[in-house]
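[1] please work out how this folds:
(one chain, ligands or ions: 1)
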Amino acid sequence: MRTLTYSMTEIIDGNRVAQSIRDDLSEAIDELEDADVTPTLATVLMSDDPASETYVSMKQDDCAEVGIEAIDVEIDPDAPAEELFDEIDRLNDDENVNGILVQMPVPDHVDKQSVLRRIDPAKDVDGFHPENVGRLVAGDARYKPCTPHGIQKLLEDAGVDPEGKDAVVVGRSDIVGKPMANLLVQKAEGGNATVTVCHSRTDDLAAKTREADIVVAAAGVPEMIDGDMLTDGVTVIDVGINRVDADTEKGYELVGDVDFESAKEKANAITPVPGGVGPMTRAMLLYNTVKATGLQHNVDVTLP
Ligand SMILES: Nc1nc2c(c(=O)[nH]1)N[C@@H](CN(C=O)c1ccc(C(=O)N[C@@H](CCC(=O)O)C(=O)O)cc1)CN2
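    Down below sits the predicted model:
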């Protein structure tokens, strides 16, 4: 059941949509089990950042829930980069491993591009390897990056078709902004929008966001977009998950890139933080892992 506020703004419930994706993946996982294959994801964490540790632990729990085998690899953040590369090589060579995810960000002394290039593109369930990025841009995606793919699913669930709409993506990261813009502009279902990508050097951001039918906020700046920057009836997707100090049990609270209360007054639909995009990022990782397993074993799996 969708939640509606008094002003009829739809609060898009990412936890509900993610749960339905996890439930719907069971058919594909059964098909793989019938072929004697258990999908297996290796998560690699080279960080002691508490948020990264939380995300990896949640990913492991999600795998357990749906019947994906999870391998948990942890590397000392102070270790030389070679240790991470050797681990990736070992996972690439392991026939039982279908998907490899290196949690980002990696430490400063590790070159991120070298990490992404090292992962076997067939096992790159994040979709960050240049081969997979190229395929996405060419309109022949193998693994869509999890956050933008999850956002496409949220828009679909909310009945928002980007076709013909003006979409503004705020942020140009490799993980969210760039692939999101690409997916929204693609000549394909969930795309066909007119897309503007804004970033830290954009002149008069508010003028751009006010023109938008869909705003995807992925700049990593707490509450940088408020209701004054939006037009009535806009759909707002908030990708920001910022930990800000607060007088709570954990000592922080999670805040999006959007000022939820003022933006809700303008929006026809909006994602909350937490409980919006985050759970979808994790659900689409499971999706990509199941897809990877099917491709590697020539099993034609039924994906949601
Ligand atoms: N290798 C990758 N690294 C990172 C990715 C990625 O897609 N692949 N994305 C982000 C972070 N991220 C995934 O790892 C991620 C962020 C948030 C959530 C999530 O479930 N958030 C919850 C709140 C969780 C909490 O209590 O802190 C929510 O929004 O409801 C999952 C995954 C950077 N790195």
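[2] contacts for the helix or strand containing K59 next, please.
    Per DSSP states H and E, K59 falls inside helix 50-66. Outside of helix 50-66, the residues that reach it under the criterion C-beta atoms under 8 Å, 6 or more residues apart in numbering are 22, 25-26, 29, 41, 43, 45, 47, 68-70, 72, 101, 103-105, 241, 243, 282-283, 285-286, 289. All C-beta atoms are positioned from the backbone trio N, CA, C, and that covers glycine.
[3] is that helix in proximity to the ligand?
    Yes - with C-beta under 6 Å from any ligand atom as the measure, helix 50-66 is seen reaching the ligand through 54-55, 58.
[4] what's the closest residue to the ligand within the stretch 151-300 of the chain in contact with, if anything?
    Among the residues of the stretch 151-300 of the chain, G278 lies closest to the ligand, at 2.2 Å counting by C-beta to the nearest ligand atom. Contact partners of G278, counting by C-beta under 8 Å, 6+ apart, are 14, 241.
[5] confirm it sits in a helix?
    Yes - going by DSSP: H, G, I helix; E, B strand; the rest coil, the assignment for G278 places it inside a helix.
[6] so L303 makes contact with A28?
    Yes - at 5.7 Å, L303 and A28 qualify as touching, with contact defined as C-beta atoms under 8 Å.
[7] overlap in contacts of those two?
    Counting by C-beta under 8 Å, 6+ apart, the residues touching both L303 and A28 are V290.
[8] tell me which of the two has more neighbours.
    A direct count of neighbours by other C-beta atoms under 10 Å for L303 and A28 places A28 higher, at 23 against 13.
[9] follow-up on the earlier one: next, the buried residues of the helix holding K59.
    52, 55-56, 59-60, 62-63, 66 (16 or more other C-beta atoms under 10 Å).
[10] just the CA atoms of the helix or strand that it is followed by, as PDB, please.
    Next in sequence after helix 50-66, counting helices and strands by DSSP H and E, comes strand 69-74. Taking only C-alpha atoms (Å, rounded to 0.1, in the frame of the first residue of the first chain), the coordinates of strand 69-74 have been written out as PDB:
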ATOM      1  CA  GLU A  69      25.800 -17.200  -0.900                       C
ATOM      2  CA  ALA A  70      27.900 -14.300   0.300                       C
ATOM      3  CA  ILE A  71      31.700 -14.300   0.800                       C
ATOM      4  CA  ASP A  72      33.000 -11.600   3.100                       C
ATOM      5  CA  VAL A  73      36.500 -10.300   2.300                       C
ATOM      6  CA  GLU A  74      38.000  -7.700   4.500                       C
END
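[11] contacts for strand 69-74, please.
    Strand 69-74 is contacted from outside by 38-46, 56, 59-60, 63-64, 87, 91, 97, using C-beta under 8 Å, 6+ apart.
[12] how far off centre is it?
    Centroid separation between strand 69-74 and its chain, computed with C-alpha atoms, centre = their mean, to the nearest Å, is 20 Å.
[13] is that strand up against the ligand anywhere?
    No - figure legend: strand 69-74 not in contact with the ligand (C-beta under 6 Å from any ligand atom); closest approach 12.9 Å.
[14] picking that back up, and the gap between the residue of the stretch 151-300 of the chain closest to the ligand and S52?
    Note on G278: its distance to S52, by C-beta to C-beta, to the nearest Å, is 13 Å.
[15] next one: P145
    With C-beta to C-beta as the criterion, P145 and S52 are 17 Å apart.
[16] next SSE downstream of the helix or strand that contains R135?
    Using DSSP H and E, R135 sits in helix 130-137. Secondary structure here is assigned by DSSP H and E; on that basis, the next helix or strand after helix 130-137 toward the C-terminus is helix 146-157.
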